[in-house]
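> need a structure here:
(2 chains)
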2 protein chains.
Amino acid sequence: MKKLVSALLLVAAGLSGTSAMAQFAKPEDAVKYRQSALFVMQQNFGRVAAMAQGKAPFDAKVAADSAAVAEYMSKLPWAGFVAGSDKAGNTKAKAEIWSEQAKFNAAADKMQTEMSKFSAAAKTGSLDNIKAALGGVGGTCKSCHDDFRAQ
Amino acid sequence: MKKLVSALLLVAAGLSGTSAMAQFAKPEDAVKYRQSALFVMQQNFGRVAAMAQGKAPFDAKVAADSAAVAEYMSKLPWAGFVAGSDKAGNTKAKAEIWSEQAKFNAAADKMQTEMSKFSAAAKTGSLDNIKAALGGVGGTCKSCHDDFRAQ
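Numbering: from 1, shown residues only, chains lettered A, B, ... in the order given. So this is what the prediction gives:
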């Protein structure tokens, strides 16, 4: 019985390993995936940030829609930070992403939380609410880039 | 009064023009935006397609989640096909996208419809349903690329 359990655990471990490996055909795709998701997020976030900073006219519907896309996109990049993709493609990812995973994951979670707050603020239609939520997102972008992205 | 209406219409036209122009800081960003959205979509769709084609083991949850992301992403690339971005960046977009807009928009709508059906099929948890919906999406990818993307 103990042998069977061990065998099952090995199979389970093997399968989940295979699954993680099979998620992208090659490490370059994983890099491109996370960069693509972050770019789509940043473009939508940046559109609303420009309104909050008075650099673009405020349009409540565009702000709410764009922030909602940014919120959705904030959940996607992390699947692309797979082991073995630290030197692939045109990445600026630091080795600390994998050597300090708990810290990186916490930073990723924090960004998603702040982006959700930002999107909720945009849904209210109030530019003041958006302005109040802007710094929270900006802070998580900066601190994660400082710690985990090469300049 | 007629003058006022005309003036207001001009302002409205001007604003919507500005808004379309202001959506991306530069044409290269519009190109990168649509390519990024399409890449994230394709990676998620491709993961499920591989299961349907027997190239990867079927995982109902991964299939449903990935197809849902592909469905969401299918709505995003179109904002990036702005006028003036037909020669920017590393684009393969053909001029027909802008000279035959009605046809292009119909192709874009068709792809989104097929991707929604595909996602609905994946939500059922049935690999047979996914297989049945696969060709519909694949057909819209191919026909739109044939007509509107340079080889």
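> can you name the residues that contact A:Ala107?
Listed by CB atoms under 8 Å, 6 or more residues apart in numbering or on different chains, the contact partners of A:Ala107 are A:Thr140, A:Ser143, A:Cys144, A:Asp147, A:Phe148. The way it works is simple: take the backbone N, C-alpha and C, and place the C-beta from them, glycine included.
> and whichever helix in chain A runs longest, what does it pack onto?
Criterion DSSP state H: the longest helix present in chain A is helix A:27-52. Where contact means 3 or more CB pairs under 8 Å, 6 or more residues apart in numbering or on different chains; DSSP states H and E, helix A:27-52 is packed against helix A:60-73, helix A:101-123, helix A:127-148, helix B:27-52.
> so of those, which one's packed in deepest?
Ranked by mean neighbour count under mean count of other CB atoms under 10 Å in any protein chain shown, the helices and strands packed on helix A:27-52 are led by helix B:27-52, which reaches a mean of 22.
> circling back to that earlier point, let's have the helices and strands packed on helix A:27-52 in CSV, adding distance to A:Gly54 and mean pLDDT.
Shown next, in CSV, are those (distance: least, CB to CB, whole Å; pLDDT from 0 to 100):
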stretch, distance to A:Gly54, mean pLDDT
helix A:60-73, 13, 97
helix A:101-123, 16, 97
helix A:127-148, 9, 96
helix B:27-52, 21, 97
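> out of those, the one nearest B:Ser74 is which?
helix B:27-52 (5.6 Å; CB to CB).
> how big is the angle separating that closest one from helix A:60-73?
50 degrees (axes from the mean of the first three to the mean of the last three CA atoms, to 10 degrees).
> what does chain A put close to chain B?
Contact residues (CB under 8 Å from any CB of the partner chain) of chain A with chain B: A:15, A:18-19, A:22-24, A:29, A:32-33, A:35-37, A:39-40, A:43, A:47, A:56-57, A:59, A:62, A:69, A:72, A:76.
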